[in-house]
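A.B. asks: okay, predicted coordinates and the sequence, questions at the end:
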Amino acid sequence: MDGFLEALRSVTPMGITVAVCSVLAWVAGGVVGWTELVVAGVAGVLVFAVSLFWAVGRAALAVRFGLEKERVVVGAEAACVVEVAGRRTTGRMLAMELELAVDDEVHVVEVPALGTGQVHRELFPIPTDKRGVIAVGPAVTVRGDPLGVLRRAVSWGSVQELFVHPVTVPLGPIGAGMLRDLEGYTTTDLSTSDLAFHTLREFAPGDDRRHIHWRSSAKLATGGQGGAQFLVRQYLDTRRARLVVAVDGDVSAYPDPDDFETAVSVAASLALRAVEDEIDLTLFAAGQVVHDATAQRALDGLARVRPVTMGLDDLATRAASLAPDATVVVLVAGGSRSYADLLRACGQFPSDIRRAAITVSAEGKAGITEGPGLTVASVRDLTDLRAVLAGGPLG
């Protein structure tokens, strides 16, 4: 019964027209005594009934599809494999079409008639000329009659995602060149227990006795000063390095649309180097947030990046709130941003951390600008980026 109701839901507009006109012709022919009209009506009803029977029941087959690789770089080969196996106990399964959604397009697989145990396998490429996330699936088998009265679609599987990662370039250690930073970033905050020794002070209630400097305390006692006084070590607080990479998502800031893709690739290259250097990483790219990112999570997040309407100051403010423990921040922006714009945006971060900006413009001039509180590098492509971080000459 359920299969019959499902078949009724598969009636096409053509099928509705055939059914309604056939019934009306049958009734009208009977009323007026027009035999030919009755015959035409009966024939139309029979055609509809046969087509309905054609679509009843689930197709005796099994459908599987999968990606050869779930993650590729822009321009790399990617493909999807579709397998259809016949499971009909008697006879052969009729030929049919299988539709597989690939993002906004539909790939059609012509499935031939299959007997029990026979498998039709098809491998087709997926274009990866653009960065992004491509949704593949579900697969849909289409059953219908030759007259187009019914069209029944059955879904198989779920959506699978193909991540097309941005192109990257190998970089040298972030702790050298333009972005100088150490694993233990020293602050001016005082601490009673850390690695960076600062000074000695008098012992106070609540201090840990393990930090008493016994030799200096003994010298103080023998110096003629009365009372038992102790000196304890005072340290400067150190932080684990955290790199924040924020990407400007406003396409109007980029002279050329391709510059935005270069900016994403710049961020990806910095992220991979930070992970390799075991530096904590926070990415905020045009609305996409990846905190404590691994290499895969960073590249997956950047694959999802799309242009957004967000001011540069808002971008920096949100990035600063995401990583209050940042020690180095790099703002990647379009070549149309002025030095004043970049300086104001980077001012959203604390002044005691290393701040830098990288602007991207294929038609611009590569170089480095050292200003008060901000270093700005202008790059045309990823080759310039490598030279910038190494502190070497730019071509």
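C.D. replies: Structure received.
A.B. asks: for the rest of this, base every contact and every neighbour count on C-alpha atoms.
C.D. replies: Fine.
A.B. asks: may I have the helix or strand hosting residue 36 exported as PDB, CA atoms only?
C.D. replies: Per DSSP states H and E: residue 36 is located in helix 35-55. Extracted C-alpha coordinates of helix 35-55, given in PDB (Å, rounded to 0.1, in the frame of the first residue of the first chain):
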ATOM      1  CA  THR A  35     -18.500   5.200 -28.200                       C
ATOM      2  CA  GLU A  36     -15.300   6.500 -29.600                       C
ATOM      3  CA  LEU A  37     -15.000   9.000 -26.700                       C
ATOM      4  CA  VAL A  38     -15.600   6.200 -24.200                       C
ATOM      5  CA  VAL A  39     -12.900   4.100 -25.800                       C
ATOM      6  CA  ALA A  40     -10.400   6.900 -25.700                       C
ATOM      7  CA  GLY A  41     -11.200   7.500 -22.100                       C
ATOM      8  CA  VAL A  42     -10.800   3.800 -21.200                       C
ATOM      9  CA  ALA A  43      -7.500   3.600 -23.100                       C
ATOM     10  CA  GLY A  44      -6.200   6.700 -21.200                       C
ATOM     11  CA  VAL A  45      -7.100   5.200 -17.900                       C
ATOM     12  CA  LEU A  46      -5.400   1.900 -18.800                       C
ATOM     13  CA  VAL A  47      -2.300   3.700 -19.800                       C
ATOM     14  CA  PHE A  48      -2.200   5.600 -16.500                       C
ATOM     15  CA  ALA A  49      -2.800   2.300 -14.500                       C
ATOM     16  CA  VAL A  50       0.000   0.500 -16.400                       C
ATOM     17  CA  SER A  51       2.400   3.400 -15.800                       C
ATOM     18  CA  LEU A  52       1.400   3.400 -12.100                       C
ATOM     19  CA  PHE A  53       2.100  -0.300 -11.800                       C
ATOM     20  CA  TRP A  54       5.500   0.300 -13.500                       C
ATOM     21  CA  ALA A  55       6.600   2.700 -10.700                       C
END
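A.B. asks: what pairs with the helix or strand following that helix, and is each one parallel or antiparallel?
C.D. replies: In the C-terminal direction, the helix or strand that comes right after helix 35-55 (DSSP H and E) is strand 61-67. Its sheet considered, strand 61-67 pairs with strand 79-86 (antiparallel) by DSSP bridges.
A.B. asks: list of residues touching the helix holding residue 36?
C.D. replies: With Cα atoms under 8 Å, 6 or more residues apart in numbering as the test, helix 35-55 has contacts from 4, 7-8, 15, 18-19, 21-30, 143-145, 149-152.
A.B. asks: in helices, which of the residues you listed fall?
C.D. replies: Among these, the members found in helices (DSSP state H) are 4, 7-8, 15, 18-19, 21-30.
A.B. asks: quick one: buried ones out of these?
C.D. replies: Among these, those scoring as buried are 7-8, 15, 18-19, 21-23, 25-27, 29-30 (criterion: 16 or more other Cα atoms under 10 Å).
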